[in-house]
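# Please find the sequence and the predicted model below.
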Amino acid sequence: MNSETIIASLEQLVSAGDNPGKVLTDPADLETYGKDWTKIHTPAPLAIVLPKTTEQVQALVKFANENQVALVPSGGRTGLSAGAVAANGEVVVAFDNMNKIVDFNASDRTVRCQAGVVTEQLQNFAEENDLYYPVDFASAGSSQLGGNLSTNAGGIKVIRYGMSRDWVAGLKVVTGKGDILDLNKDLEKNNTGYDLRHLFIGAEGTLGFITEATMKLTRKPNDLTVLVLGVNDLTNTMDVLKAFQNKMDLTAYEFFSHQAMQHVLAHGQVQAPFETEAPYYALLEFEAVSDQVMDDAMEAFEHCMEEGWVLDGVISQSETQAQSLWMLREGISESIAPRTPYKNDISVVVSRVPGFLQEIESVVTEHYPDFEIIWFGHIGDGNLHLNILKPEDMPKEEFFEKCQQVNKWVFEIVEKYEGSVSAEHGVGMTKKDYLRYTRSEAEIAYLRGIKQVFDPNRIMNPGKIFD
Ligand SMILES: O=C(O)CC[C@@H](O)C(=O)O
Ligand SMILES: [Zn+2]
């Protein structure tokens, strides 16, 4: 089938019924919808389809199977591993027009959403109903639920609330074979064999499309208070974490280097937290619901100062101040984006973070002597974001090539510490060559077997996670 016939067929498929979808083929649309936030691949999709219903998605999948057309799912396109990039003439299926909240059950505290609902839309809906959707990250204003679930997005509150997976009560999916499945039917308890819902979460669209999800909500946190501390040494951030966790529950524990903060400050929207310059900063958040909690926090702070781990600190006195302290951490990724960063999103279990950090740090200092290195991340759950910035005068290709050479050393340390080569950003195309550092050969063979069951003709997001 040639390109024109495929496009004409797609148009026909989504125009049927009283809720027609759309097909886009304009070069500007192909460019926009064919990529995510990664800058490595050149987008080259054949067409973009914006369906309106699960049935239209099913019709697309059946057509793709019959005609060997590759489909790439696309949400808010904020991914950082090229999981939603269409660089080989694929048809992109974008969920921007399936963005409705379709049901809310106040007694079950669940909300049923189409895949294109934006994270912030769900957070606001919860808030309007006096509830809380706790999965949060800097791209919440554009990322879509379908994409969050397909990458099992984490973010800044994992230490207290877990990952996206933990908030899914049920899923509606169209498998790569073209079947519509209603998975788990929103049940809290359902021990009836394999839980297929969890296979689709984190599958990066390689098994089929998530078209709807029922998400759980919880009670709103009270009196969230933010503390930013200047920390003496990278490994001291873990001593500080322990000191606070021995006394209280934290809703977040993040860290960033002075270098990282300088990039945010250069944007001019926020100020340094205090005058003392520290090599690293920790950001803690907790519910300051009583004087006792505040006293415990102050005691932990004093202990950290006495030990010499902490050099200075500031505590938020208002919600506005808490938000601007959060900006110091949440603004990092965006502020370094113009420097074409090479991204690492690595993790180990919390107890192994200090040794792991020391080894990674000495490797990157040795192998990237001329590159600017930016450390930050969700250190409270063992997840570090290590970004290497491209020198202005170095061509992109040469820079990525150099970073790939260093990966071997970085990922050997990840393997030694039994860590992950992608803690929360997914594998996509950028991390697939390194999958074996985290997953055994035997495990990868099972992954391939699962793919074969759900997508025997390999039309779903080919070339992502593995070839
Ligand atoms: O840009 C990055 O490397 C991390 C992005 C995101 O996961 C964050 O934690 O801000
Ligand atoms: Zn992150």
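The structure has been received and is ready for your questions. Ligands and ions are numbered 1, 2, ... in the order given.

# Chain neighbours aside, what residue packs nearest to the residue of the stretch 201-350 of the chain found nearest ligand 1?
Nearest residue of the stretch 201-350 of the chain to ligand 1 (CB to the nearest ligand atom) works out as S333 at 3.4 Å. Just so you know, the C-beta spots here come from the backbone N, C-alpha and C atoms, and that holds for glycine as well. The spatially closest residue to S333, leaving aside those adjacent along the chain, is A138, at 5.7 Å (CB to CB, 6 or more residues apart in numbering).

# Go ahead and confirm that neighbour touches L328.
No - in this structure A138 lies outside contact range of L328 using CB atoms under 8 Å: 11.8 Å.

# So for the two, which residue has more residues nearby?
Neighbours were tallied for A138 and for L328 using other CB atoms under 10 Å; the higher tally belongs to L328 (23 against 18).

# isn't that one right up against V228?
Yes - applying CB under 8 Å, one finds L328 in contact with V228, separated by 6.8 Å.

# any common contacting residues for the two?
Listed as contacting both L328 and V228 by CB atoms under 8 Å, 6 or more residues apart in numbering are 273, 281, 283.

# Pull up the pairing partners for the helix or strand where the second one lies, direction included.
Using DSSP states H and E, Y281 sits in strand 280-287. Applying DSSP bridges to the sheet, strand 280-287 is found paired with strand 224-231 (antiparallel), strand 252-257 (antiparallel).

# Give me the neighbour count for V49.
24.

# That one pairs with what?
Assessed by DSSP bridges, V49 has beta-bridge partners V23, V93.

# How much space separates it from ligand 1?
29 Å (CB to the nearest ligand atom, to the nearest Å).

# If I look at that residue, what pLDDT would I see?
pLDDT recorded at V49 is 98.

# Assign the most centrally placed residue in the chain to helix, strand or coil.
The geometric centre of the chain, computed from its C-alpha atoms, lies nearest to A153 (CA atoms, centre = their mean), at 3.7 Å. Under DSSP: H, G, I helix; E, B strand; the rest coil, A153 falls in the coil class.

# Skipping adjacent residues, who's closest to it in space?
Going by CB to CB, 6+ apart, A153 has S164 as its nearest residue, at 4.8 Å.

# neighbours around the one you found, how many?
Neighbours of S164 under the rule other CB under 10 Å: 26.

# dump the residue contacts of it.
S164 neighbours (CB under 8 Å, 6+ apart): 135, 148-149, 151-154, 201.

# rewinding a little: what residues does whichever helix or strand the residue of the stretch 201-350 of the chain closest to ligand 1 is part of touch?
Here S333 sits within helix 332-336, counting by DSSP H and E. With CB under 8 Å, 6+ apart as the test, helix 332-336 has contacts from 138, 256, 260-261, 263-264, 266-267, 374, 376, 385, 387, 389.

# one more time with 10 Å, if that's ok
Here helix 332-336 makes contact (CB atoms under 10 Å, 6 or more residues apart in numbering) with 37, 78, 80, 137-139, 254, 256-257, 259-267, 269, 341, 343, 372, 374-377, 385, 387, 389.
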